[in-house]
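What shape does this take:
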Amino acid sequence: MALTLTDAERAELERRMRSRKGRAEDARRARVILLLADGESYATIASAVGCYPDYVSRWKQRFEAERLPGLQAKYRGQRPTVRTPALEARVLAKTRQPPPDGSTHWTTRKMAKALGISHMLVARIWRRAGYQPHRFERYMLSDDPQFEQKAADVIGLYLNPPQHALVFAADEKTAIQALDRLDPVLPLSPGRAERHGFEYYRHGTLSLYAALNTTTGEVIGQTVPRHTSEAFVEFLGDILAAHPRRDVHVIVDNLSAHKTKRVQAFLDAHPRVRLHFTPTYASWLNQVELWFNKIERDLLARGIFTSLPDLARKIRRYIKRYNEDPKPIRWTYSNPAHRITTGSAVTVH
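From the prediction side, this is the model:
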């Protein structure tokens, strides 16, 4: 049965439906009542308005009981929470505390529920303060009592190398696996990444000694079955053979293989070679680590190697191609205050 509207009610409903300043939901309800007054069926109205028949029935009943006032929502929602400095401070302080449910970090919805505010408001406050609770980073604290002196020595070699001398940042990348995929590689295609089979065959491992010329960016590399003191001495000999008339300064880490009697005997026999040790747990001071990251991304992470000789050959080929257009690393250590020390702020749980 069609609804019966007075002229005043029809005029008001049509005004609400045409209004561009009112709430969209008010216009939607007004349209439902007008269509009912025109004798349309529930199915037709639900299709035209984009709702369910229950929605039509509910607002018809309210209109019949209360007329136009019945079309007002019973619950208009809560007033929006205003972001104030006090609220921001409360959210940020809560963020630095562990959640009470035993999880490791807060989410926007978990924080919103705990404080009784909108999760979008939490997200805006975190974005404004630069907080990212879902992320974390690892660090390594250097406990070297001579950190400043050793770091200054290494940085001085980068910024102001000795005249007529060569500076190399050297290290070894150990346990490089020669992995051969058992299934064929499916190449990339539009909308689909390159795919590798899950199963692989491991042919063994080898180590790569590399020395980065900090001035030119060129790399001297040598693959060995294992990283030993003997292999390190042989590698130092390769560096000297490549530059027979120049003094050579080599930056290395504190690996025991770099400090053996065999190494010391080599240094005594070749006085133009000098080793400079980075502080303990401070490998980031060695520029060759950045080059290791590059060869890992470019070759090793996705490479397919049918044998250890194949792996060694592809590494040598990569180094040869890289040295055709080397790029020195423009690296600086500009803010010592950012170094993590035992006095740095920590959170104790």
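
Next one: residue 172 from residue 302, what distance?
22 Å (CB to CB, to the nearest Å). For glycine as for every other residue, the C-beta is placed from the backbone atoms N, C-alpha and C.

what sits against residue 68?
By CB atoms under 8 Å, 6 or more residues apart in numbering, the contact list for residue 68 reads 9, 12-13.

quick one, helices of the chain?
7-18, 24-37, 42-49, 53-66, 85-95, 108-115, 119-129, 147-159, 229-242, 261-269, 288-295, 308-324 (DSSP state H).

could you give the mean pLDDT of the fourth one?
So the one you mean is helix 53-66. What helix 53-66 shows for mean pLDDT is 89.

Show residues contacting it.
Contacts for helix 53-66 (CB under 8 Å, 6+ apart): 3, 29, 32-33, 36, 42-43, 45-46, 49, 70-71.

could I have that helix exported to CSV, CA atoms only?
Taking C-alpha atoms only, helix 53-66 is exported to CSV below (Å, rounded to 0.1, in the frame of the first residue of the first chain):
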residue,chain,number,x,y,z
PRO,A,53,14.5,-4.2,1.3
ASP,A,54,14.9,-4.2,5.1
TYR,A,55,16.2,-0.6,4.8
VAL,A,56,13.1,0.4,3.0
SER,A,57,10.8,-1.3,5.5
ARG,A,58,12.6,0.2,8.5
TRP,A,59,12.3,3.8,7.3
LYS,A,60,8.7,3.3,6.1
GLN,A,61,7.7,2.2,9.6
ARG,A,62,9.5,5.1,11.2
PHE,A,63,7.8,7.6,8.9
GLU,A,64,4.4,6.1,9.5
ALA,A,65,4.9,6.3,13.2
GLU,A,66,6.5,9.8,13.5
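
which parts of it are buried?
55-56, 59-60, 62-63 (16 or more other CB atoms under 10 Å).

Show the pLDDT at the residue lying closest to residue 328 once chain neighbours are set aside.
Computed as CB to CB, 6 or more residues apart in numbering, the closest residue to residue 328 that is not its neighbour in sequence is residue 217, at 3.9 Å. With respect to pLDDT, residue 217 scores 95.

burial count for residue 217?
Neighbour count of residue 217, defined by other CB atoms under 10 Å: 17.

so how far is residue 173 from the residue nearest to residue 228 when sequence neighbours are not counted?
Nearest non-adjacent residue to residue 228, counting by CB to CB, 6+ apart: residue 257, 6.1 Å away. With distances taken as CB to CB, residue 257 is found 14 Å from residue 173.

between those two, who's got more neighbours?
Taking other CB under 10 Å, residue 257 and residue 173 do not tie; residue 173 has more neighbours (22 against 17).

Could you point out which of the helices of the chain sits nearest residue 223?
Residue 223 sits nearest to helix 308-324 of all the helices of the chain, at 4.4 Å, using CB to CB.

now, among the buried residues of helix 53-66, which is nearest to residue 329?
Of the buried residues of helix 53-66, the one sitting nearest to residue 329 (CB to CB) turns out to be residue 55, at 65.1 Å.

related to what we said a few turns ago, for the buried residues of helix 53-66, give me a markdown table that also has distance to residue 198.
Supplementary listing: those in a markdown table, determined by distance: CB to CB, whole Å:
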| residue | distance to residue 198 |
| --- | --- |
| 55 | 50 |
| 56 | 54 |
| 59 | 56 |
| 60 | 59 |
| 62 | 60 |
| 63 | 62 |
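
tell me the two of those residues that are most distant?
55 and 63 (12.7 Å).

before we move on, the earlier item: in terms of neighbours, single out the busier of residue 172 and residue 302.
residue 172 (24 against 13).

right, and that one touches residue 211 too?
No - using CB atoms under 8 Å, residue 172 is not in contact with residue 211; the gap is 10.2 Å.

From residue 236, how far out is residue 158?
20 Å.

ok, now residue 278?
17 Å.

Same check on residue 44?
Here the criterion is CB to CB. By it, residue 44 lies 88 Å from residue 236.

the more surrounded of the two?
Higher neighbour count among residue 44 and residue 236: residue 236, with 24 against 13, using other CB under 10 Å.

Please tell me I have it right and the more buried one contacts residue 250.
Yes - between residue 236 and residue 250 there is a contact under CB under 8 Å: 7.0 Å.
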